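Participant: give me the fold of what follows.
(one chain, ligands or ions: 1)
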Amino acid sequence: MKFICIGRNYAAHIAELQHSTPKDPVFFMKPESAITRCNRPFFIPDFSQEVHYETEVIVKINRLGRHIQEKFAHLYYDEIGLGVDFTARDLQRTCIQDGEPWEIAKAFDGSAVVGKFLPKSELPDVQDLHFHLLLNGEQVQTGHTRDMLFTVDRLISYVSRFVTLKMGDILFTGTPVGVGPVHINDRLEGFLEGHKSFDFKVK
Ligand code: MG
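Facilitator: Residues are numbered from 1 along each chain as shown. Just a heads-up that it's a prediction; the model follows:
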């Protein structure tokens, strides 16, 4: 499996990082080895001094697809959850400055936290989902999927023009405003429509 991650999908987050607004979705990938699951701890890598959390709605692909039309994209997922796209912000800044790929900042081991998935049938419409992150009990990020620049179905359609989607692939749909650094012993709890999706410590 692979992770397909969307960058710059919420206007307020684009503003906080002073990036430009994309015309089409921007995506990058993480390998399977990036996964952190089942509330296991996240280990801060030794090569970064500034690792940021990015809380994102995640969608699990349930069948093989390429060149998926937007109107059929909803048939390609039936579980939705919440995850964290951990980002070595210091390295990412250097990559962007130097025009280099993002893998060292985004694709490192453990950088894709996957929380619990819920059936689509138990949630409101995918573009009507509230979510938030507690850092040591304090709410630091809150989002609503109606604020996405590109809908989940548009993302699936767009990505599948370039990359075949396979069963089990996970799409990270972008972070809202409020990203920030993590430190050793932090506790992160994520909620999607009131359901606790993840609860883990930083080591
Ligand atoms: Mg992200």
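Participant: sketch out the low-pLDDT regions of the chain for me.
Facilitator: Of all residues in the chain, none has pLDDT under 70.
Participant: give the residue farthest from the middle of it.
Facilitator: Distance from the C-alpha centroid of the chain, by C-alpha atoms, centre = their mean, peaks at Asp98 (24.0 Å).
Participant: the ion versus that residue, what's the distance?
Facilitator: Distance, Asp98 to the ion, by C-beta to the ion, to the nearest Å: 20 Å. Backbone N, C-alpha and C define where each C-beta goes, glycine included.
Participant: next: Ile58.
Facilitator: 11 Å.
Participant: what's the local residue count around that residue?
Facilitator: By the measure other C-beta atoms under 10 Å, the count of residues near Ile58 is 26.
Participant: could you do the one 3 residues further on as well?
Facilitator: The criterion is other C-beta under 10 Å. On that basis, Ile61 has 24 neighbouring residues.
Participant: and what of the one 3 residues further on?
Facilitator: Residue neighbour count, defined by other C-beta under 10 Å, stands at 11 for Leu64.
Participant: ok, it touching Thr164?
Facilitator: Yes: between Leu64 and Thr164 there is a contact under C-beta atoms under 8 Å: 6.9 Å.
Participant: buried sites along stretch 194-203?
Facilitator: Ser197, Phe198, Phe200, Val202 (16 or more other C-beta atoms under 10 Å).
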